[in-house]
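Visitor: the following block contains a protein sequence and its predicted model.
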Amino acid sequence: MEVFAVPDIRHFNLNKTCRWLLVHIAIVLSGLSAAAPPEMSAHSTTASQLANAAAPIAPLDIAARANEEQQLIDRARQLLDQPDTVATLRSSLDDIAHTVDAKMGITTGVALRDLPVMRLESLAKHWEFDARRFERWEFQSRQALDPFAATAIQLSQHRTAWSTTRAEGMLDGLPPMMTERIDSILSQIDSVESALEDALGRQFALTRRASELKARIQAGRKNVDTAIDDIDRRLLAIDTLPIWMGIGGNADTKEALSAMNYGFEIEKQFALDYHAAQTGNQQSLRLVQFLLLPLILWLFLRSKRSPGQDVATDKVARAMRRPISIWVLLSMLAVLILEPDAPLLVQECALLLTIIPALRLLPPGTIRALGAWPYLATGLYALDRLCVAAVTDSGWYRLLLLVLNLLALGFTFWLSRKPLASVSPGYRKLRNAVRNAGWIALVILVVAAVSNVVGNVSLAETLTSGVIDSGYMALLLYSGVNACLAIGRALLLQPELADRGFLRRHMVVLQQICARLLLVGAVLGWLLYTGDRFRLLRPLYHVGGMIMALGVNIGEVSIHLGDVVVFAFASWLALRVAKGVRSLLHDELPNHAALPRGVGNSITSLSYYGVLILGLAIALAAAGFRLSQMAIVFGALGVGIGFGLQNVVNNFVSGLVLMFERPIQPGDLVDTAGASGTVSEIRLRSTTIRTFDGADVVVPNGLLLSGNLTNWTMHDQYRRIEVTVGVEYSAKPEEVLLLLDAAARETPGVAAQPGPVVLMTGFGEIALMFSIRVWTDDINDWPSIRSDLYARTLATLQNAGISIPYKEVNISLRTEFEQPSTQD
């Protein structure tokens, strides 16, 4: 490389140092950037960048460049003076390598295909856990080690620049003080590079070991996934002799027991490592469990202090009478939901801990409707886990599996035929659903028993465990849904919430929505768990992944079916959430006394659009769209605005002005754009006015702001009513004024302040003209008040003997009869 071929100059050996440094930096960066994101490529140094850095320094820039070099050297020394991060990273890497070596040891000499599928699934989770730990370690190592490589590259570039400058004689003729400073800087660079050489050497050894460990983790994950896929493919194949020819079994029970114990130790270590990791899901679980217990205890105490006044509160009190069972059940279900990647040992312990709470929390009506079904599901699950944990010999396990299968078959058939007591229609549907599921389970158990007898033990185990586990999970989810509904009802019945207007109006609907959401979530969770236990979830996941990956790529824009589905669902969810927020704020904010006029409606509308826009942005991000891909859409939108969407944009901007200035609000009486009526809704683009004839007029917001807008109720509900009346010239004006004033004051709905005003307004052709002017504070009823005022005015004048003149029209009718002509 000619860039570094400089003459042999005192104070440094440039060829040797730069060549060694660049080679090692390249190796370090190649090891660290294996899993780095594309942004990390900014740290790589190309030949062109090195060539630019090797350009000679201009004489006028030498002093400033010397200051920069000193600052760089100081930063490098600070970096070297920091605690050794390699030791910390090496310790973390040793912890990961320890678990990897342990898993390699348990599988050495043992065919993975011969291990139980549950053990393989646990191994897969363990490998996945190690892979995530290694990814976090890589991220930490990049943050800790990249500054060393970047500093070394900068020192190399700057040394090259100074060498090129000296080689071209640009440093000749400088003052002696400046020359000494440059020599001192180059000497410091030598010492710093020597220290960096040692640090980079240790880092290179660490990254090389990390690369080897990463390869082992990837190989382990691949081997376990291959073994699981192979077992799934061999589910319909005979894997041992028929039972009449022998039960099979392990040749060395002691060796099998030792392998089982060693596997348990690996599971225990996995659980300990998982607990020590303190991932985000674990912290969320701890927070849920920590907040759930005081909430349940508080609701329990409140339900005891306030005796049931109606059926609803009495049901809530009965449901909340076992707070500890509710907390244990919901906490263990939260383990399954929030920690799906938890060790098998943790999940099995969580399921076992829920046996008693699940039975204790069943409503009395459920026990009457189902009879012994819940106890059968619980007992079979406990026996199945006992067989798995206690038996090491495969032959004896096969026999116990057959016995368990026959027990489940017999009890299921007996309960399906046993008559039960009459129950309410709601529980009758539940009982019919359980009985129908029981008949399906009978068919599956028969197939499992036959498979065990003929020699397909893997299929028998899958079907038997699938039926038992799915039945027990259904019981847990049913109890969990009832517990959640009890907590929700107890919260809604608290005085702090029950007095809210929104909850009073929509409590029944909210309870129905919550019940449906919980039911849908429970059904989906049960389907996922059941599919996993029957070995169907994994192939369905692969098939679904291939289907969702279907799509087209157009330049930088890629559209896949999965992205469309995610975007559609996220958009639908955002729309529902936005409508819910709008409904809640619409009921709570407009009547809030502390808010100025119209602020509640503006907050409601802006919150709706804000939540909707935020939801759509999240939907785009969830679907994998990038801002660069949306540039085309934004560009097309800009062209559309320039050509033909000015009015649309004007209406949207006018809608924002209406939201912030608030000249009108829903419920106002307005006259605008040839329409008179009540404002029913203000949207971002248009406003809807309901006329007095019952028609809905949609007025663009731009037209509202650009034209004349009359708001009768902007500041208050007052409106003036004027009635004009004429009396005969023989009447005394003073008497008429008093009579009309009394009639106005006696009219219901006329405001006392400001009071009525009666004026004589002129001389008509046939009458003296008077005007009655009154105010009313009930603007919605002003036509009726005006009508009543007319009637009272007429009655008052008639009672006083004062007539209202009217024009008389005399019509004269003249008929001319035509004489018939005489014809000869």
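Guide: Received it, and whenever you're ready, just let me know what you need. Note that this is a predicted model, so its numbers are computed, not measured.
Visitor: which residues in the stretch 651-800 of the chain form strands?
Guide: Using DSSP state E, counting those that start in this stretch, the strands of the stretch 651-800 of the chain run over residues 669-672, 675-682, 686-691, 696-700, 709-711, 719-727, 757-763, 768-776.
Visitor: just the CA atoms of the second one, as CSV, please.
Guide: These are the backbone C-alpha positions of strand 675-682, laid out as CSV (Å, rounded to 0.1, in the frame of the first residue of the first chain):
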residue,chain,number,x,y,z
ALA,A,675,-79.1,26.7,7.1
SER,A,676,-80.6,27.2,10.5
GLY,A,677,-80.7,24.7,13.2
THR,A,678,-78.7,23.0,16.0
VAL,A,679,-75.1,21.9,15.7
SER,A,680,-75.1,18.2,16.1
GLU,A,681,-71.4,17.3,15.4
ILE,A,682,-68.2,19.1,14.6
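Visitor: tell me the angle it makes with strand 686-691.
Guide: With axes from the mean of the first three to the mean of the last three C-alpha atoms, to 10 degrees applied, the angle from strand 675-682 to strand 686-691 works out at 130 degrees.
Visitor: what angle do strand 675-682 and strand 696-700 make?
Guide: If you take the same axes, to 10 degrees, strand 675-682 sits at 80 degrees to strand 696-700.
Visitor: residue ranges of the strands in the stretch 451-600 of the chain, please?
Guide: Taking DSSP E, counting those that start in this stretch to define them, one finds strands in the stretch 451-600 of the chain at 551-554, 557-560.
Visitor: closest to Ala66 out of those?
Guide: strand 557-560 (50.5 Å; C-beta to C-beta). C-beta: built from backbone N, CA, C; applies to glycine.
Visitor: and the closest one, how far out from the chain middle?
Guide: Distance of strand 557-560 from its chain centroid, counting by C-alpha atoms, centre = their mean, to the nearest Å, is 23 Å.
Visitor: mind giving me the packing neighbours of it?
Guide: Other elements packing on strand 557-560 under the criterion 3 or more C-beta pairs under 8 Å, 6 or more residues apart in numbering; DSSP states H and E are strand 551-554.
Visitor: just to revisit the earlier point, next, format the strands of the stretch 651-800 of the chain as TSV and append mean neighbour count, distance to Arg202 and mean pLDDT.
Guide: Compiled in TSV, the strands of the stretch 651-800 of the chain are given as follows (neighbours: other C-beta atoms under 10 Å; distance: least, C-beta to C-beta, whole Å; pLDDT from 0 to 100):
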stretch	mean neighbour count	distance to Arg202	mean pLDDT
strand 669-672	20	78	86
strand 675-682	18	68	85
strand 686-691	19	69	88
strand 696-700	16	71	88
strand 709-711	14	77	85
strand 719-727	17	87	90
strand 757-763	14	99	91
strand 768-776	20	90	91
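Visitor: state the distance from the nearest residue to Leu338 once chain neighbours are set aside to Asp130.
Guide: Here the nearest residue to Leu338 in space, its sequence neighbours aside, is Leu285; by C-beta to C-beta, 6 or more residues apart in numbering that works out to 4.6 Å. Look at Leu285 and Asp130: by C-beta to C-beta, to the nearest Å, they are 21 Å apart.
Visitor: quick one: which of these two has more around it?
Guide: The residue with more neighbours, out of Leu285 and Asp130, is Asp130; 24 against 18, by other C-beta atoms under 10 Å.
Visitor: using the three-state scheme, assign that one.
Guide: Using DSSP: H, G, I helix; E, B strand; the rest coil, the three-state assignment for Asp130 comes out as helix.
Visitor: that one contacts Ala102, correct?
Guide: No: taking C-beta atoms under 8 Å as the definition, Asp130 is not a contact partner of Ala102, at 10.4 Å.
Visitor: before we move on, the earlier item: between the strands of the stretch 451-600 of the chain, which one is closest to Asp781.
Guide: Across these, Asp781 has its closest neighbour in strand 557-560 (58.7 Å, C-beta to C-beta).
Visitor: list the buried ones in the closest one?
Guide: By neighbour count, with 16 or more other C-beta atoms under 10 Å as the criterion, the buried positions of strand 557-560 are Ile559, His560.
Visitor: likewise for stretch 711-720?
Guide: If you call a residue buried by 16+ other C-beta under 10 Å, then stretch 711-720 has these buried ones: Trp712, Thr713, Met714, Arg719.
Visitor: that one: how far from the chain's middle?
Guide: 45 Å.
Visitor: neighbouring contacts of it?
Guide: The set of residues that contact stretch 711-720 without belonging to it, under C-beta atoms under 8 Å, 6 or more residues apart in numbering, is 663-664, 667-671, 751, 773-780, 782.
Visitor: start to end distance for it?
Guide: 14 Å (C-alpha to C-alpha, to the nearest Å).
Visitor: re the thing from before, among the buried residues of stretch 711-720, list the two that are farthest apart in space.
Guide: When C-beta to C-beta is used, the two most widely separated members of the buried residues of stretch 711-720 are Met714 and Arg719, lying 11.9 Å apart.
Visitor: circling back to that earlier point, any chance of the strands of the stretch 451-600 of the chain in TSV, plus distance to Leu399 and mean pLDDT?
Guide: Written out in TSV, the entries for the strands of the stretch 451-600 of the chain read as follows (distance: least, C-beta to C-beta, whole Å; pLDDT from 0 to 100):
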stretch	distance to Leu399	mean pLDDT
strand 551-554	52	74
strand 557-560	50	72
